[in-house]
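1. how does the following fold in three dimensions:
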Amino acid sequence: MRRRKQLSGAQIFLWTTFGVGTGLVAGFVLSEWVGGVNQTRVRRVAKSLGHSSPVHHTSASSARAVEGALTGEARLSGCALEVVPISRNSVELRGWVGDRGARTLAARVACAVPGVDTVVNSILVRGEDDRINPGDERVTDQSA
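-> Alright, predicted model coming up:
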């Protein structure tokens with residue numbers, strides 16, 4: 001016949017105190033390591049939980065992702081567009097297109113790439129941006 005070993009009241013109290021104490025110490029250590037809880041941090045965490053995994057690009061990978069998206073767009077197949085990385089999650093579009101619709105489409109496709117926050121659209125339109133008006137000889141390029 002097996003005898004059941006039961007914990008005494010003192011042992012239950014001891015183990016309960018040990019568990020609560022360990023939890024408190026772990027909580028204090030984690031709060032010092034991770035930082036305090038405030039309304040801004042709680043909102044940021046809640047917002048990130050609502051999204052799928054965030055995309056973090058380097059400047060070069062942002063440019064490659066936009067190039068891939070532009071290449072996949074059939075209406076832009078005849079356009080020679082260049083994607084220049086500016087900074088992390090920011091790119092600049094350069095090149096020539098046939099009409100304003102293609103220029104807008106290229107910008108929209110680039111903006112739709114996950115992780116790309118800023119798109120500088122420097123695409124020029126043939127027949128509009130390459131026209132020289134007679135008598136207008138002044139320099140209009142103000143690039144740095």
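
2. surely Glu73 and Leu105 touch.
-> Yes - if you go by CB atoms under 8 Å, Glu73 and Leu105 touch, sitting 6.9 Å apart. Heads up, the C-betas are built off the backbone N, CA and C, glycines and all.

3. so where do the strands sit in the chain?
-> 80-87, 90-97, 118-125 (DSSP state E).

4. mind listing what Ser87 touches?
-> Neighbour list for Ser87: Ser59 [criterion: CB atoms under 8 Å, 6 or more residues apart in numbering].

5. how much space separates it from Asn121?
-> Ser87 sits 16 Å away from Asn121, taking CB to CB, to the nearest Å as the criterion.

6. and Glu73 and Leu105? which has more neighbours close in?
-> Counted by other CB atoms under 10 Å, Glu73 and Leu105 do not tie: Leu105 has more neighbours, with 18 against 15.

7. show me the contacts for the more buried one.
-> 73, 75-76.
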